[in-house]
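Asker: quick one: sequence and predicted model below, then my questions.
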Amino acid sequence: MHFDTTVIVRHLPELLAGVKLTVLLVLVALAAGTVLGMIACLGKLLARGPLCWIASTYITVMRGIPEMVVMFWIYYCGPLILATRLSSFTAAASSMSLYAGAFLAEIFRAGILAVPRGQAEAAHALGIPASFTWAEIVLPQAVRMMIPALIGVVTLTVKVSGIASTIGVGELVYEANIVSGQSYRYFELFTAVGIFYFALIFPLSLLAQHYERVLARKTR
């Protein structure tokens, strides 16, 4: 089969527009997911009370349901609850935020619990304020240990963003599907889609591997 690179060049503006919307969708999802993850992490750390129960239920449900089902449910069933139709971008961003938040909550919790409790107890015994203990002792160590897993969530979010094309979000996969249907050059255009995704994800993978090596050297 002949691979015509001029097809990719001709439709590059549409593909780049799709890349821009993909990046925007991922950034919105990660920003909102980080807030949700922090709240859910707090609930899990409390280990009791309504917030703990809500956080545990949220994390369990989101990690047990495919992302596509969550996205479809929000897009098609959301209007029945909210009495208004959500845009495809809003529905996709909401579902991806919920999905990312559940994973981020567990990463935040694991990172905090990985810091030896004795350090916080020693700071408390020395009369150091709790706010200073968290800001200067616990969180810096926790964040360093979280970084590889956080990069993994970013990578996962980029990958699942392609699902948004199924509800009409004009991201990369959607744009490629549209122009492929017009030109019947699926081979070239979806090869370009793969290259764009690789260009977005591969640097993140290298960054995660770098931090894993750094952490491994520090723990020796």
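Answerer: Cool, got the structure. In this text, all values refer to a predicted model and were calculated from it rather than measured experimentally.
Asker: excluding chain neighbours, what is closest to residue 29?
Answerer: Leaving aside its sequence neighbours, residue 29 sits nearest to residue 96 (Cβ to Cβ, 6 or more residues apart in numbering; 3.6 Å). C-betas here are computed from N, CA, C, even on glycine.
Asker: run a quick neighbour tally on the one you found.
Answerer: By other Cβ atoms under 10 Å, 27 other residues sit near residue 96.
Asker: ok, now residue 88?
Answerer: Residue 88: 19 surrounding residues under other Cβ under 10 Å.
Asker: surely it meets residue 166?
Answerer: No. The pair residue 88 / residue 166 is not scored as a contact, 9.4 Å apart, by Cβ atoms under 8 Å.
Asker: chain center to whichever strand or helix holds residue 16, what's the gap?
Answerer: Per DSSP states H and E: residue 16 is located in helix 12-46. Counting by Cα atoms, centre = their mean, to the nearest Å, helix 12-46 is centred 5 Å from the centre of its parent chain.
Asker: equivalent analysis for stretch 62-71, please.
Answerer: Using Cα atoms, centre = their mean, the offset of stretch 62-71 from its chain centre is 13 Å.
Asker: which other residues reach it?
Answerer: Where contact means Cβ atoms under 8 Å, 6 or more residues apart in numbering, the residues beyond stretch 62-71 that reach it are 91-92, 95-96, 98-99, 101-103, 160, 163-164, 166-167.
Asker: just the terminal-to-terminal distance for that stretch.
Answerer: With Cα to Cα, to the nearest Å as the measure, stretch 62-71 spans 11 Å from end to end.
Asker: buried stuff in it?
Answerer: 62, 67, 70, 71 (16 or more other Cβ atoms under 10 Å).
Asker: dump those to a markdown table, plus secondary structure and distance to residue 124.
Answerer: Formatted as a markdown table, the buried residues of stretch 62-71 follow (DSSP: H, G, I helix; E, B strand; the rest coil; distance: Cβ to Cβ, whole Å):
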| residue | secondary structure | distance to residue 124 |
| --- | --- | --- |
| 62 | helix | 34 |
| 67 | helix | 41 |
| 70 | helix | 41 |
| 71 | helix | 45 |
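Asker: ok, so of those residues, who is nearest residue 171?
Answerer: Residue 171 has its nearest neighbour among these in residue 71, at 12.4 Å by Cβ to Cβ.
Asker: surely residue 170 meets residue 19?
Answerer: No. The criterion here is Cβ under 8 Å, and residue 170 misses it with residue 19 at 11.0 Å.
Asker: list the contacts of residue 39.
Answerer: Contacts of residue 39 (Cβ under 8 Å, 6+ apart): 51, 55, 105.
Asker: oh, that last question was meant for residue 160, not what I typed.
Answerer: Per Cβ under 8 Å, 6+ apart, neighbours of residue 160: 67, 96, 99.
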